[in-house]
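S.K.: This is a predicted model, with the sequence first.
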Amino acid sequence: DSGVTQTPKHLITATGQRVTLRCSPRSGDLSVYWYQQSLDQGLQFLIQYYNGEERAKGNILERFSAQQFPDLHSELNLSSLELGDSALYFCASSDGAGDNEQFFGPGTRLTVL
Amino acid sequence: DAKTTQPPSMDCAEGRAANLPCNHSTISGNEYVYWYRQIHSQGPQYIIHGLKNNETNEMASLIITEDRKSSTLILPHATLRDTAVYYCIVRVWESGTYKYIFGTGTRLKVLA
């Protein structure tokens, strides 16, 4: 158990819909990272927040957005969902701004029908 | 754009050293190299990271070439539980922001 929690574990929705994935970092960690793992694209970095501010940004689609709240939990919002958005979405956390070890959560499996 | 290249699969006999290579020829002098592994669809697990010098911890050793264009992860005595997909990752500064670039991973199979 990494100490990072993600909810929900599974999510099934339809094309065009919007969903929110939630992540609670390990106690004391200030950074939260979001990753997408799909069969055809592998693991891809989406975005990182450090103490509420965006710190790093990958190839995150404009339909996706994220934020980190004052209590340091984070949410990833996915809108206008397409079949290709079906994937495992991982959240990770670390105590520093980006050079340190990241601890990954168990992931949320999103299925878009 | 930054890129990491890894062989898709490797086998290793139990008890022997597993040497997993990664090519990251485009990284610059202050960009870190990280290694993580993933067992089935679990969240990836951190192994080790380094910048210029070789690094060792309780899990593995990381050898980075002097020109930093490639690195090798060494599991000194592989066990069956080391069977996993191993990812080489670089953290780069690109287009005004940091990014983590993942390789496609090496599927390591440790054989009894």
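M.R.: Arrived safely, thanks for sending. Numbers count the residues shown, from 1 in each chain, chains lettered A, B, ... in the order given.

S.K.: C-alpha from now on. contacts and neighbour counts both.
M.R.: Noted.

S.K.: How about the residues of chain B by chain A?
M.R.: Contacts of chain B with chain A, taken as Cα under 8 Å from any Cα of the partner chain, map to B:32, B:42-46, B:48, B:97-102, B:104.

S.K.: Now do the residue in chain B positioned nearest to chain A, the pLDDT please.
M.R.: Of all residues in chain B, B:Tyr98 sits closest to chain A, at 4.6 Å by Cα to the nearest Cα. What the model reports for B:Tyr98 is a pLDDT of 87.

S.K.: Same question for the one 10 residues further on.
M.R.: Looking at B:Leu108, its pLDDT is 97.

S.K.: The nearest residue to it once chain neighbours are set aside: which element?
M.R.: Of all residues beyond its chain neighbours, the one nearest B:Leu108 is B:Met10 (4.9 Å), with distances taken as Cα to Cα, 6 or more residues apart in numbering or on different chains. For B:Met10, the enclosing helix or strand under DSSP states H and E is strand B:9-13.

S.K.: For that strand, name the packing helices and strands.
M.R.: Applying 3 or more Cα pairs under 8 Å, 6 or more residues apart in numbering or on different chains; DSSP states H and E, one finds that strand B:9-13 makes contact with strand B:106-111.

S.K.: so where's chain B uncertain?
M.R.: Counting by pLDDT under 70, chain B shows low-confidence ranges at B:1-2.

S.K.: Please enumerate the strands of it.
M.R.: B:9-13, B:18-23, B:33-38, B:45-50, B:55-56, B:61-64, B:70-75, B:84-94, B:97-102, B:106-111 (DSSP state E).

S.K.: nearest to A:Asp95, of those strands?
M.R.: With distances scored as Cα to Cα, the stretch of the strands of chain B nearest to A:Asp95 is strand B:45-50 (13.9 Å).

S.K.: The closest residue to A:Gly16 other than its chain neighbours in helix, strand or coil?
M.R.: Nearest residue to A:Gly16 in three dimensions, chain neighbours excluded: A:Ser80, at 4.1 Å (Cα to Cα, 6+ apart). Of the three states, A:Ser80 takes coil according to DSSP: H, G, I helix; E, B strand; the rest coil.

S.K.: Read off the pLDDT value for A:Gln41.
M.R.: You'll see A:Gln41 listed with a pLDDT of 78.

S.K.: quick one: contacts for it?
M.R.: Taking Cα atoms under 8 Å, 6 or more residues apart in numbering or on different chains as the contact definition, A:Gln41 lies against nothing.

S.K.: what's near enough to touch the closest residue to chain B within chain A?
M.R.: Checking chain A residue by residue against chain B with Cα to the nearest Cα singles out A:Ala56 as nearest, at 4.6 Å. A:Ala56 is in contact with A:47-49, B:97-99, counting by Cα under 8 Å, 6+ apart.

S.K.: So which of these wins on neighbours?
M.R.: Within those, most neighbours by other Cα atoms under 10 Å in any protein chain shown means A:Gln48, with 30 neighbours.

S.K.: which residues does it bridge with?
M.R.: A:Tyr33, A:Ala56 (DSSP bridges).

S.K.: Next, the contact list for it, please.
M.R.: Applying Cα under 8 Å, 6+ apart to A:Gln48 gives the contacts A:31-34, A:54-57.
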